[in-house]
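Participant: got a sequence here, can you model it:
(3 chains)
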Amino acid sequence: MKVKIKQLLTGLLFVASGWLHAAPTLNIADYQGKVVYVDFWASWCGPCRASFPFMNDLVKDYGDNLAVVTVNLDESREDADQFLTEFPANFAVIYDPDGGLAKQYGVRGMPNSFLFNQRGELVHRHDGFTAKDPQIIREQINNTLGRAQ
Amino acid sequence: MTIHKLGIAIAISGLLSACSSMGVDPWQRQNLAKPEMALDSSPLTSALDDHIYFSKEASSGGRSFGGGGCGCN
Amino acid sequence: MKKNIRLSLAAASCALLGSQLAIAEDKHDVGEWDVSAALLFYSEPDRVNATEPVISAKKQLDTDETLSLKLTLDTLTGASASGALPSNQPQTFTSPSGGSIGTTSAGDTPLDDSFKDTRVAVNAAWEKPISKDLTMVLGGNFSTEYDYTSFAVNSSFAKDINNGNTTLMTGLSLGMDMIKPVDGKPIPFATMQAGRDYGGNSDSVKDGSDDTKSLVDVIVGVTQVIDENSLFQLNYSLSSSSGYLTDPYKIISVVDPVTGATLFQNGAQSDLPTAVYENRPDSRLKHSVFGQYKRYLGGDVLDTSYRFMVDDWDITSHTVDVHYRWKFADTQYLQPHVRVYQQSAADFYTPFFVNGQQPTAGDKSAEASADYRLGEFMAYTIGLEYGQDNPSNSWSVAVEYYLQTGDEPAQAFGELKNQELYPDVDALMLRIVYDF
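Facilitator: Just a heads-up that it's a prediction; the model follows:
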């Protein structure tokens, strides 16, 4: 009995610690059937500020055809929350303070975005965010959706 | 002079190889991105200072192009 | 200007750019002008006073492209050392404008007190990415004052490598300066105040002509991120100037070979000391190595730099500069500053001429200057800045004290030993910077 409780406790601890330190996951397959736009950002990255209104526009314009998923890379959750108060997001935010996902995606700078087609295949990646980028990204999304301009 | 150049070449290549092992990931630059961490964090101040020292001393420049354009020296 | 789209100079990739680390966050919208102003008051007791207002504006053309413009006014009044030595008798000097006459009391360093000038300088720079990880800066400078005009253009390129952790930079600057001394260039080593106007027999000691000098600067540098909190920069620069490098207003006292007393040889006016115009080499090649290290310390910033300079005038200099930005409250900081500078003398520097040893008037191959700025000295700066970083406006006020001190020349003899030949020069500065 004692042994069982000990095992149970250990098991619970293991599960709890696993849950507390859960590495954030991003499974593109979860969005199967949709085009997925993944964007890595941080509160202190200047151009990221410009990309937020653009991503809100994407959500509005493409509706269910497009999933916008962003990954915040701030080490401090407070910084990210403060940024989101200033720039409200109408899309999902995954928190990756240790940069595990960023490493997995090979993020080269910020913002850094990745476009996946309906089959979950990576079709485009985009570094940075300048004034001409919204048009380029929209064209890429349109092409991926198979839409005419 | 040749030894001099060789020394510089070794120093530069040594520096570059040392450099490639230094650094951080792009998302780890929060502190480095702060305005006060810019190499020339107050360009107006450094330009005013450079102008004073250019007019009082025999050296100038270094950080960027040497001062000049002044009859003060 | 949409308030909700705030972009920054932080390049798209948050990469390093040029001589400045452009990952630095600067919250300004694309299309918006970032305007800063500064005002400097500079004062040397009994000597130069300067007031220098500056206004700069930077337009964020895109998240990674900027246009910077800067206008500087430099208003000088007061006096500067002419190169002549103090004497045991009063000395009278005419000013470069030829009109007013100043008399220096016995024992005082002769100053050129007609030193009044306003300089206007304009700088422009356009920074633009030309491909991924490669940035170009094109710049131009123009400045003008009543006897001096300067033009320069420059271009530099910065390449990010190592995932943005290393930036290689190279740049070239070409400049042309035009010097129009009052009454024209003096004849090298001609005796000042000895011409016909002063009762002498010779023609004017000024030949009435203008001159130019050209400048070529080349710089190469590397900036390296060390870790999450520190980085360094290392630059090498080569600076070549050629043409008229002489200061047309600087003179050299001539002393008696036996007594060491300043000579007064003008028969018509006995209070006119004998002094000759200087002449410098017509070219100068400088090499500089500059290293800077910055570290972020939990809100504070340590900023240190060192510069080594050596040139073919035989001047060697060392400069150490340390700032510590102490953030003592959320938006406030205090920043102490210390700078130490040391230079050796130019090989043609001479504090005076012993009569008979000065080159013949008009001898352009001879080189000599008594300009104390070409002598051997140490200089110390100590300063303190208080600043506020507010979201909408930031400002700072700084007070700095500068002291230049050198040894009395070893070659002094006789009466020269009774005079202070290399007086200390000190200055007080007040600087205000405001970011709109």
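
Participant: packing partners of the helix or strand A:Pro47 falls within?
Facilitator: Using DSSP states H and E, A:Pro47 sits in helix A:46-62. In this structure, helix A:46-62 makes packing contacts with strand A:35-41, strand A:66-72, helix A:133-145, judged by 3 or more C-beta pairs under 8 Å, 6 or more residues apart in numbering or on different chains; DSSP states H and E. C-betas here are computed from N, CA, C, even on glycine.

Participant: in the longest one, what counts as buried?
Facilitator: Looking back up the chat, that one is helix A:133-145. A:Asp133, A:Pro134, A:Ile137, A:Arg138, A:Gln140, A:Ile141, A:Asn143, A:Thr144 (16 or more other C-beta atoms under 10 Å in any protein chain shown).

Participant: what residues does chain A have near chain C?
Facilitator: A:44-47, A:49-50, A:53, A:87, A:108-111, A:127-132 (C-beta under 8 Å from any C-beta of the partner chain).

Participant: among these, which ones are buried?
Facilitator: Buried among the residues of chain A next to chain C by 16+ other C-beta under 10 Å: A:44-47, A:49-50, A:87, A:108-111, A:127-131.

Participant: and the two most separated of those?
Facilitator: Largest separation among these by C-beta to C-beta: A:Phe87 and A:Arg108, giving 22.5 Å.

Participant: C:Asp426 against C:Thr381, yeah?
Facilitator: No - shown here, C:Asp426 and C:Thr381 do not form a contact pair, counting by C-beta atoms under 8 Å, at 10.4 Å.

Participant: compare these two (neighbour count), which wins?
Facilitator: A side-by-side neighbour count of C:Asp426 and C:Thr381, using other C-beta atoms under 10 Å in any protein chain shown, places C:Thr381 first with 20 against 16.

Participant: now do that one against C:Leu134, distance only.
Facilitator: C:Thr381 sits 37 Å away from C:Leu134, taking C-beta to C-beta, to the nearest Å as the criterion.

Participant: does A:Leu84 count as helix, strand or coil?
Facilitator: Following DSSP: H, G, I helix; E, B strand; the rest coil, A:Leu84 is assigned to helix.

Participant: and the helices in chain B, which stretches?
Facilitator: Along chain B, the segments classed as helices by DSSP state H run B:2-20, B:43-56.

Participant: circling back: anything in contact with each of C:Asp426 and C:Thr381?
Facilitator: Residues touching both C:Asp426 and C:Thr381 (C-beta atoms under 8 Å, 6 or more residues apart in numbering or on different chains): C:Tyr401, C:Tyr402, C:Leu403.

Participant: please name the residues that touch residue 26.
Facilitator: I went with chain A, as the question did not name one. A:Val38, A:Val69, A:Val71, A:Ile94, A:Leu101.

Participant: my bad, chain B
Facilitator: A:Ala102, A:Val107, A:Arg108, A:Gly109, A:Met110, A:Asn112, C:Ser13, C:Cys14, C:Asn163, C:Gly164.

Participant: quick check: closest non-adjacent residue to the third one.
Facilitator: If the residues on either side of it in the chain are set aside, A:Arg108 comes closest to A:Asp127, at 5.6 Å by C-beta to C-beta, 6 or more residues apart in numbering or on different chains.

Participant: tell me how many other residues crowd the residue nearest to A:Ile136 when sequence neighbours are not counted.
Facilitator: Of all residues not flanking A:Ile136 in the chain, A:His126 sits nearest, at 7.5 Å (C-beta to C-beta, 6+ apart). For A:His126, the count of nearby residues is 18 (other C-beta under 10 Å).

Participant: what residue in the stretch 201-350 of chain C comes nearest to chain B?
Facilitator: Closest residue of the stretch 201-350 of chain C to chain B, C-beta to the nearest C-beta: C:Phe290 (3.5 Å).

Participant: residue nearest the centroid of chain B?
Facilitator: For chain B, B:Arg63 is the residue whose C-alpha lies nearest the centre (C-alpha atoms, centre = their mean; 3.8 Å).

Participant: and for that one, nearest residue in space, chain neighbours not counted?
Facilitator: Nearest to B:Arg63 is C:Phe290, by C-beta to C-beta, 6+ apart, at 5.7 Å.

Participant: for the residue of chain B found nearest chain C, report the pLDDT, please.
Facilitator: Of all residues in chain B, B:Gly23 sits closest to chain C, at 2.8 Å by C-beta to the nearest C-beta. Predicted confidence (pLDDT) for B:Gly23: 86.

Participant: then C:Asp217 would be within a strand, right?
Facilitator: Yes - the assignment for C:Asp217 (three-state DSSP) places it in a strand.

Participant: circling back to that earlier point, pull out the buried members of the contacts of A:Leu26.
Facilitator: Here, 16+ other C-beta under 10 Å leaves A:Val38, A:Val69, A:Val71, A:Leu101 buried among these.

Participant: right, and the second one touches A:Trp41 too?
Facilitator: Read it as A:Val69. No - A:Val69 is beyond contact range of A:Trp41, at 11.4 Å (criterion: C-beta under 8 Å).

Participant: what about stretch B:54-65, average pLDDT?
Facilitator: In the prediction, stretch B:54-65 has an average pLDDT of 90.

Participant: any stretches of the chain with poor pLDDT?
Facilitator: Picked chain A for this. Applying pLDDT under 70 to chain A flags the ranges A:1-22, A:147-149.

Participant: can you look at chain B instead?
Facilitator: In chain B, residues with pLDDT under 70: B:1-6, B:8, B:10-20, B:66-68.

Participant: so which residues on it come close to chain A?
Facilitator: B:Asp25, B:Pro26, B:Trp27, B:Gln28, B:Arg29, B:Gln30, B:Ala33, B:Lys34.
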